[in-house]
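Visitor: sequence and predicted structure, then a few things I'm wondering about:
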Amino acid sequence: MHHSIEVADLHYTYSDGQRALNGATLCVAPGEKVALVGPNGAGKSTLILHLNGILSVQRGSVCVCGVALHGCSKRDLARVRAEVGLVFQHPDDQLFSPTVFEDVAFGPRYQGLPEAEVQRRVSKALADVHMSGFATRPPHHLSAGQKKRIAIATVLSMQPEVLVLDEPTAGLDPRGRRELITLLRELPQTMLVSTHDLRMVQELFPRTIIMDAGRVVADGATAELLADEALLNAHGLELP
């Protein structure tokens, strides 16, 4: 059985010379829910953008759902992008249509699925994020928490194997945050979640990966890592 995510010795330098990844290595097994934490500038977002081919592999390897991304065909890249649902920190980066339905239907329609299947997938995705009944609403009229859930629905409609989320609780009020944590607990997909919300990590993720300076510096049971005050302090993290 393949890992859902395999990253080995991944290096990445931006065109301005900023080195963002410096040998990052990690694996996530099917069904795992894993937190990715670290200070700003640790390389978390750059790593995430490699997982569905938004950034190309410069050195090292990335294999997602059994597909190696370096030098892969357009067909394999399209398959990876369907299998890896990437949810950005700001929902407005993903919501651009006049209605919720159109946003959630965009991916399946782009795949060329029959309209009946598109309708079925949209209905299921909205039900999965507890947003049934919102299909005709304009996304820009929704609350931050509702927008976040619709953004998740836009990737669930593609029936991904893996969900990758960047700062999912950022900008949410306590109720929105609680609803989102409940939702993430319910979803069955393999999950890699980049976050500064260590209370959510403590509550939701059995395993945590700590990144700093472009590499993985710790990887293990969440309870053990978050109990290690010296480790957290060394990498710019605070105890929840």
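Guide: It's in.

Visitor: show me what the nearest residue to residue 207 once chain neighbours are set aside is bridged to.
Guide: Counting by Cβ to Cβ, 6 or more residues apart in numbering, residue 207 lies nearest to residue 34, which is 4.9 Å off, once chain neighbours are set aside. Heads up, the C-betas are built off the backbone N, CA and C, glycines and all. Beta bridges link residue 34 to residue 192, residue 207 when assigned by DSSP bridges.

Visitor: and residue 34, what is it in contact with?
Guide: By Cβ atoms under 8 Å, 6 or more residues apart in numbering, the contact set of residue 34 is 28, 191-193, 205, 207-209.

Visitor: okay, those residues in a markdown table with neighbour count and distance to residue 60 next?
Guide: Shown next, in a markdown table, are the contacts of residue 34 (neighbours: other Cβ atoms under 10 Å; distance: Cβ to Cβ, whole Å):
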| residue | neighbour count | distance to residue 60 |
| --- | --- | --- |
| 28 | 23 | 16 |
| 191 | 23 | 23 |
| 192 | 26 | 17 |
| 193 | 25 | 22 |
| 205 | 22 | 25 |
| 207 | 16 | 22 |
| 208 | 23 | 22 |
| 209 | 25 | 16 |
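
Visitor: tell me the contacts of residue 122?
Guide: 101, 104-105, 108, 135, 153, 157.

Visitor: among these, find me the one that's closest to residue 187.
Guide: Nearest to residue 187, judged by Cβ to Cβ, of these is residue 153 at 10.9 Å.

Visitor: I figured that closest one was touching residue 130, is that so?
Guide: No. Applying Cβ atoms under 8 Å as the test, residue 153 and residue 130 come out as separate, 9.8 Å apart.

Visitor: counting neighbours, go ahead and name the busier of the two.
Guide: Neighbours around residue 153 and residue 130, counted as other Cβ atoms under 10 Å, are more numerous at residue 153. The numbers are 26 against 15.

Visitor: how distant is the helix or strand harbouring that one from the center of its chain?
Guide: Here residue 153 sits within helix 144-156, counting by DSSP states H and E. Mean C-alpha position of helix 144-156 versus that of the full chain (Cα atoms, centre = their mean, to the nearest Å) differs by 12 Å.

Visitor: now for it, which elements pack on it?
Guide: In terms of contacts (3 or more Cβ pairs under 8 Å, 6 or more residues apart in numbering; DSSP states H and E), helix 144-156 is packed against strand 84-87, helix 100-110, helix 115-128, strand 162-166, helix 174-186.

Visitor: quick one, the third one and helix 100-110 angle?
Guide: Spelled out, that is helix 115-128. 130 degrees (axes from the mean of the first three to the mean of the last three Cα atoms, to 10 degrees).

Visitor: if you count neighbours, what's buried in helix 115-128?
Guide: 118, 121-122, 125-126, 128 (16 or more other Cβ atoms under 10 Å).
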